[in-house]
Structures are given as C-alpha cells and as structure tokens.
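# what follows is a predicted structure for the sequence shown.
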Amino acid sequence: MKAYHLNGHAGSGRLVRTDLVKPEPASGEVRIRVEATSLNYRDLLILDRAGQGGFDGRVPLCDGAGIVDAVGADVIQWRAGDRVAASYFRDWVSGPFKASYIPSALGSSTMDGMLAEYVVLPATALVAVPEHLTSIEAATLPCAGVTAWHGLIARGGMGKGNTLLVQGTGGVALFGLQFAVALGARAIVISSSDEKLARAHALGASILINYRDTPDWDAAVMTATAGEGVTHVLELGGPGTYDRSLRAVASGGKIIQIGVLTGFGPKPDLARLQWENADIIGVTVGSLEHFTAMNRFLSEHAIHPIVDRVYDFDDAPEAYAHLRSGSHFGKIVVSL
C-alpha cells in the first residue's frame, strides 16, 4: 500500500512517499481503507520536529475517515463496508482524561497516523460517520471538531444566550462558530482578513473585528458587549493573545485553552481570573465518547464542516505548505 512517513535526517522535517505492507487486523482490530485525512496545526509542529523524539519514520496525521475493509476475530460492532472515522486518542474511550492516554495519540512519536491507504486500529477506537457527511467532511472531525465540542460544550457548557469569542478562522475556530450558532449563542470572530470575516458572518458570526485594524481587539469586544465581556473564549493563539483574552472574558466566564498559534513564550498574568471568578479549561482533543456525542449534534443540526481545499494524495506536501501559509478558511484535506 502507499503511505507517507516523516523524514528528519536532512536537518528539517519532510514528507517521504513510501510503500508499506498492507496490514492485517488481529483479534479485536479493524482495517480501514482510508478515503480522506485532514491536517491540523499540530502536524506542522510534528513535521518541524521530525528528527526528534521518535517522529522520524512515523506515518503522520491524526485525522482520517474511510471504509471498514476487514475485521479481526471477536469484532462484533463493525463489518466490512461501514463508514468510520478514527478517534484522536486510540485508548481514550470515555471518562476523564488520563496521562496514560497520551502515547495513544495517532500520528504522534509513539503511534502511526492516517496518511496511508490502509490503517489498522482497535474496534473501540472508531466512530460511525454521520450519514449526511462525505468522507472528506468526516476526515475533518477527529481533532478540530472534537476539540471544539469537548471544550465549549462538554466542559464549557456553552448554550443559548452565551457569547463566544472565536480567534481566527481555522478548523477549531469554525467548528466553535458553527456550534455556537446552532445553540443560539452569539459569536464574535476576530481575524486579520476582511474577506474571512465576511465568510464568518455568512456562517452566523454577529460581531466581526479585524485585529490588524483594531489591535486592541479586547477593548472592542468589551464595547460590543456593553462592558460585560464574553462568556466563552476559544483561546487559540497562545502567548500573543492570552492577555487580551483575559481582559475580554466576562465575570464567571470560561477561557477554553487550546492553541499555541503564536508560538511559545511568556506566561500571562492570571490574576484577573480570580477577581472575575472566571475559569480556564485546558483541552487536548477529547474521547471517543465526546466524538460520538458531537456526531449526534452534527446530525441533528445538519452541520457540514467547512473544507477549505482538497489535495490529492500525491500532493500531500503541498497541503502542508498551504496550512503553513495561514491563508486557509476551515480545514485542509488530503483525499485518497
């Protein structure tokens, strides 16, 4: 079968096309014929560190969806022909997170990912694809979709009447926007692109702020909310945005901490959290149980993920380059 692996021996990470033996499912396992896989910012970080900590030689990407091709002994919940998507953490099925789940993240230094024609996974690491979604759409769900769901809804309790601040228009951001609109919450989107803000408005964002034109976007958020702030912040930026997120959150509000898009740097002053009785919710994707609940919500509200561009398998390196450019709106997919 065809696949890609990471090569870090040249000094900087790169994708290498390779041929691998088609895997066979053991007892309790399922083989998936992958139809599509999608990229996340995490994949750029891993590519750049491909020569470190076991990434070299690994099949990348945590997101993927396809068709059950074969099942091992003792598998009763899946059969050939079922449409499935893989859960980000192979071993986190339900319940609270445990550090022991970290090595089971797909496309990591300890586990191969989805950028291959065939993948074998435990039967317990798969969810059914919602009937209204294509495999290309379903491939966007495991990381970005589940992250937004876990943080904003499963733990953040976002609902009707709340106000969400969304940073940017990448995958997690747009899932958050779509969830907020479906729930009847107001959404504020910040971006450096008026074109992207217009597209976010078409998806239901009610307040739009260009942070290049308005660097003090936290003050603009407070003005737009009559001085109250937002009940939920989808914090995707990291050190470059965190202090402003703290100043934009409402009393009793929640900052859903996810990203490091501005890099790694100085830590913010968290004193305001105490005075506002606000919370930070740290999120690293979610469980299969979260994934299943999100899929029900997607089906109930007929939500379709926003796909920016689809690349052929042979053009996977170009997909990475497009992600690195930051010009995308929504998810970038590689189709097999």
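Looks like it came in fine.

# domain assignment for this protein?
Following automatic domain parsing, one gets these domains for the chain: 2-140+305-335, 146-282.

# to residue 296, which of the ones you listed lies closest?
Using CB to CB as the measure, domain 2-140+305-335 is the one of the domains of the chain that comes nearest residue 296, at 8.3 Å. Using the backbone N, CA and C atoms, a C-beta is placed for each residue, glycine as well.

# now the closest one, how far from the chain's geometric center?
Relative to its parent chain, domain 2-140+305-335 has a centroid offset of 12 Å by CA atoms, centre = their mean, to the nearest Å.

# tell me where the chain has helices.
Using DSSP state H, the helices of the chain run over 41-48, 135-138, 146-149, 171-183, 194-202, 217-224, 242-248, 271-276, 288-301, 316-325.

# comparing those helices by mean pLDDT, which bottoms out?
For the helices of the chain, mean pLDDT drops lowest on helix 271-276, to a mean of 83.

# kindly export it (C-alpha atoms) in PDB.
Only the C-alpha atoms of helix 271-276 are listed here, as PDB (Å, rounded to 0.1, in the frame of the first residue of the first chain):
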ATOM      1  CA  ALA A 271      -4.700  37.500  38.500                       C
ATOM      2  CA  ARG A 272      -7.800  38.800  36.700                       C
ATOM      3  CA  LEU A 273      -9.300  35.300  36.700                       C
ATOM      4  CA  GLN A 274      -9.600  35.400  40.500                       C
ATOM      5  CA  TRP A 275     -11.300  38.800  40.500                       C
ATOM      6  CA  GLU A 276     -13.700  37.800  37.800                       C
END
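
# same for that helix, what does it pack against?
Contact here means 3 or more CB pairs under 8 Å, 6 or more residues apart in numbering; DSSP states H and E; on that basis helix 271-276 packs against helix 242-248, strand 249-257.

# got the buried residues for that helix?
Buried residues in helix 271-276, counted by 16 or more other CB atoms under 10 Å: 273, 276.

# centroid-nearest residue for the chain?
Nearest to the mean C-alpha position of the chain, by CA atoms, centre = their mean, lies residue 144 at 1.5 Å.

# any idea how far residue 79 is from residue 123?
Taking CB to CB, to the nearest Å as the criterion, residue 79 is separated from residue 123 by 11 Å.

# please read the previous query as pertaining to residue 55.
Relative to residue 123, residue 55 is positioned 27 Å away (CB to CB).

# the two: which has the busier surroundings?
Under the criterion of other CB atoms under 10 Å, the comparison of residue 55 against residue 123 puts residue 55 first, with 23 against 19.

# wait, doesn't the more buried one sit right on residue 13?
Yes: applying CB atoms under 8 Å, one finds residue 55 in contact with residue 13, separated by 7.4 Å.

# count of neighbours near the closest residue to residue 80 other than its chain neighbours?
For residue 80, the nearest residue in space outside its immediate sequence neighbours is residue 68; the separation is 5.5 Å by CB to CB, 6 or more residues apart in numbering. Number of residues near residue 68 (other CB under 10 Å) recorded here: 20.

# before we move on, what about the one 4 residues further on?
Counted with other CB under 10 Å, the burial measure for residue 72 works out to 16 neighbours.

# got the contact list for it?
25, 26, 27, 28, 29, 30, 123 (CB atoms under 8 Å, 6 or more residues apart in numbering).

# bridging residues for the fifth one?
This means residue 29. With DSSP bridges as the criterion, the beta-bridge partners of residue 29 are residue 122.

# measure it to residue 289 for me?
Spatial separation of residue 29 from residue 289 under the definition CB to CB is 20 Å.
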